[in-house]
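In: Provided below for reference: sequence and predicted model.
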Amino acid sequence: MPETPQVPADAGTCGESPLKVPPGRPLVDLRRRRLAAGCLAWPVVVAAAPPPLHEPAPRCPAWPLWDAFLARFVQDDGRVIDDQHQTRYTTSEGQAYALFFSLVANERGRFDTLLRWTERHLAAGDLTARLPGWRWGRHDSGEWMLVDANPASDADLWLVYTLLEAARLWNMPSYGQLGHSLLARIEASELVRLPGLGWMLLPAPQGFQTDTARWRFNPSYLPIHQLRYLAALRGEGPWAEITTNTLAMLRAMTPHGFVPDWVEYSEHRGWHATAASPALGSYDAIRAYLWAGLVHGADPARPELLKGLRGMRDWLAAGNAQPPQKVRTDDGSGLGVAPPGFSAALLPYLKAHGATALLQAQQALVVRSTRQAAPAARPSLGCPASRFATGLLGNPPTYYDQVLALFAQGALEGRYRFSAEGALQTPWR
């Protein structure tokens, strides 16, 4: 298939002192570029950023797992490949996660490359006009194309959050304009006002109202830090209510401390499981523990959230060497052996619980799962060191294991954290 234009990634800088930007509007040329056959139509920065008032700080030590992920799962043109399916498709989730990691790594050139590919292939060349479709890949006809245009709200939230924080951290207003445009589309097409409850975020604009009075939701699509961030941003908007309702959903659906992949709601029954949304947690739900572990210590919901999601901690404390691949949330019974990414996802969660011995055991398991050994990078100039995963997890490595580990490792190594209001904090800014 033809490649999209390659844009070189820049390395970025990372020092104890952020670069200072002169007051006033940044000297950028925000030209709308259109390429042939439905490509870019978002404001692209084509001029150099304002010069710093002092020399840039030296570059941070490498993030070995991120570098390994880029080498295996990201094309030079910015396409992120999920190789767990034989078609090697791309999802809006993968693009949004990679954009977030590029921001954490302070790689603005790579960020732009990823965003260009996302817009051109998932949004028909214009993210100001539509949310990105969920999946791009090889159609039955053999053509490479957007094969599922229904957006996925978890990817949409990560994309909006990352664009807004990139605008702030890099002083790039064009990212913020695009983020606000996408947020307005989320609010117009992916929010629903449930009878007897209030506002909630649907998994997608289409397909998740199961009948006239019942709706389906995914708990892992609702990270509390992002909901806090949007609630602060929107003030009187729906996001504070969505945060409250998300916490209520988790209370209702985790009797043994385990999160299900899917839940349903009706005014008559409230939150409940069904045959289509069974009381079972696995590949989706593992992210709920990860997001809980990333909530700031000052968040008033954190103690209740960690207590309510105690199941994985208790499972490991009972002597199990690693998390189950699946767990019945109605009785707490586990099934199968989870891939190493599950252990990685639990690291911030175990740290938040203060479960040091369990944290060390799962961290050792993650290290054993890596395909190559390399010496840990030493911290310098306020930059974090790589302490555990220096190579890809699993044999063969999969996309999903790596992104779970990147979120977990980045947090444990101090590459990023979220404030009590959900804002992104990094050592380079």
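Out: Nice, thanks for sending it over.
In: just the helices in the stretch 301-429 of the chain please.
Out: Assigned by DSSP state H, counting those that start in this stretch, the stretch 301-429 of the chain shows helices spanning 302-308, 311-317, 340-353, 356-369, 399-412.
In: quick one: closest of those to residue 117.
Out: helix 399-412 (15.7 Å; CB to CB). Every C-beta, even on glycine, is put in place using the N, C-alpha and C of the backbone.
In: please name whichever of the helices of the stretch 301-429 of the chain is nearest to residue 156.
Out: helix 399-412 (16.7 Å).
In: next, the angle helix 340-353 makes with that closest one.
Out: 20 degrees (axes from the mean of the first three to the mean of the last three CA atoms, to 10 degrees).
In: counting contacts, what elements does helix 399-412 pack onto?
Out: The helices and strands touching helix 399-412, judged by 3 or more CB pairs under 8 Å, 6 or more residues apart in numbering; DSSP states H and E, are helix 64-73, helix 92-104, helix 286-294, helix 340-353.
In: residues of it that come out buried?
Out: Residues of helix 399-412 classed as buried by neighbour count (16 or more other CB atoms under 10 Å): 399-412.
In: I'd say residue 233 and residue 165 touch.
Out: No: taking contacts as CB atoms under 8 Å, residue 233 lies outside contact range of residue 165: 10.8 Å.
In: what about the two, which has more around it?
Out: residue 165 (25 against 18; other CB atoms under 10 Å).
In: so what's that one up against?
Out: 103, 423-424 (CB atoms under 8 Å, 6 or more residues apart in numbering).
In: how about the strands of the stretch 201-350 of the chain, start to end?
Out: 209-211, 214-217, 263-266, 270-272, 280-281, 324-328, 334-337 (DSSP state E, counting those that start in this stretch).
In: quick one: closest of those strands to residue 201.
Out: For residue 201, the closest of the strands of the stretch 201-350 of the chain is strand 214-217, at 7.7 Å, according to CB to CB.
In: sorry, back to before: could you tell me the least trusted of the strands of the stretch 201-350 of the chain?
Out: Least confidently modelled of the strands of the stretch 201-350 of the chain is strand 209-211, at a mean of 90 by mean pLDDT.
In: sorry, back to before: tell me which of the strands of the stretch 201-350 of the chain lies nearest to residue 76.
Out: strand 324-328 (34.1 Å).
In: quick one: contacts of that closest one?
Out: By CB under 8 Å, 6+ apart, the residues outside strand 324-328 that reach it are 258, 279-282, 311, 315, 333-339, 342.
In: with stretch 236-255 instead?
Out: Under CB under 8 Å, 6+ apart, the answer for stretch 236-255 is 187, 191, 194, 197-201, 217, 219, 222, 224, 227-228, 230-231, 233, 259-260, 263, 265, 270-271, 273, 279, 288, 301, 304-305, 308-309, 311, 329-330.
In: of all the helices and strands packed on helix 399-412, which one is nearest residue 169?
Out: Per CB to CB, nearest to residue 169 of the helices and strands packed on helix 399-412: helix 92-104, 6.9 Å.
In: how far away is the closest residue to residue 398 other than its chain neighbours from residue 114?
Out: Leaving aside its sequence neighbours, residue 398 sits nearest to residue 84 (CB to CB, 6 or more residues apart in numbering; 5.2 Å). Going from residue 84 to residue 114 by CB to CB, to the nearest Å gives 20 Å.
In: then residue 101?
Out: From residue 101 to residue 114 the distance is 9 Å (CB to CB).
In: before we move on, what about residue 125?
Out: 15 Å.
In: what's the answer for residue 332, then?
Out: 40 Å.
In: so for the two, which residue has more residues nearby?
Out: Comparing residue 332 with residue 114 by neighbour count (other CB under 10 Å), the higher total belongs to residue 114, at 28 against 14.
In: just for the stretch 301-429 of the chain, where's the confidence low?
Out: 371-389 (pLDDT under 70).
In: what residues are up against the residue nearest to residue 302 when sequence neighbours are not counted?
Out: Distance criterion CB to CB, 6+ apart; nearest residue to residue 302, sequence neighbours excluded, is residue 295 at 4.9 Å. By CB under 8 Å, 6+ apart, residue 295 lies in contact with 224-225, 301-302, 305, 352, 418.
In: output the helices and strands packed on helix 399-412 as CSV; include the columns mean neighbour count and distance to residue 149.
Out: Shown next, in CSV, are those (neighbours: other CB atoms under 10 Å; distance: least, CB to CB, whole Å):
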stretch, mean neighbour count, distance to residue 149
helix 64-73, 20, 23
helix 92-104, 25, 10
helix 286-294, 25, 24
helix 340-353, 26, 28
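In: before we move on, back to that, let me have the strands of the stretch 201-350 of the chain in CSV, extended by distance to residue 428 and mean neighbour count.
Out: Shown next, in CSV, are the strands of the stretch 201-350 of the chain (distance: least, CB to CB, whole Å; neighbours: other CB atoms under 10 Å):
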stretch, distance to residue 428, mean neighbour count
strand 209-211, 43, 11
strand 214-217, 36, 20
strand 263-266, 39, 22
strand 270-272, 41, 16
strand 280-281, 36, 22
strand 324-328, 37, 20
strand 334-337, 38, 14
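In: for those, which one sits closest to residue 177?
Out: strand 214-217 (29.9 Å).
In: by contact count, what packs against the closest one?
Out: strand 198-201, strand 209-211, strand 263-266.
In: neighbouring contacts of the first one?
Out: Residues outside strand 198-201 that contact it (CB under 8 Å, 6+ apart) are 153, 157, 186, 190-194, 215, 217, 221-222, 238-239, 241-242, 244-246, 265.
In: mind running it again at 6 Å?
Out: The contact list for strand 198-201 (CB atoms under 6 Å, 6 or more residues apart in numbering) reads 153, 191-194, 238, 241-242, 245.
In: alright, calling it a day.
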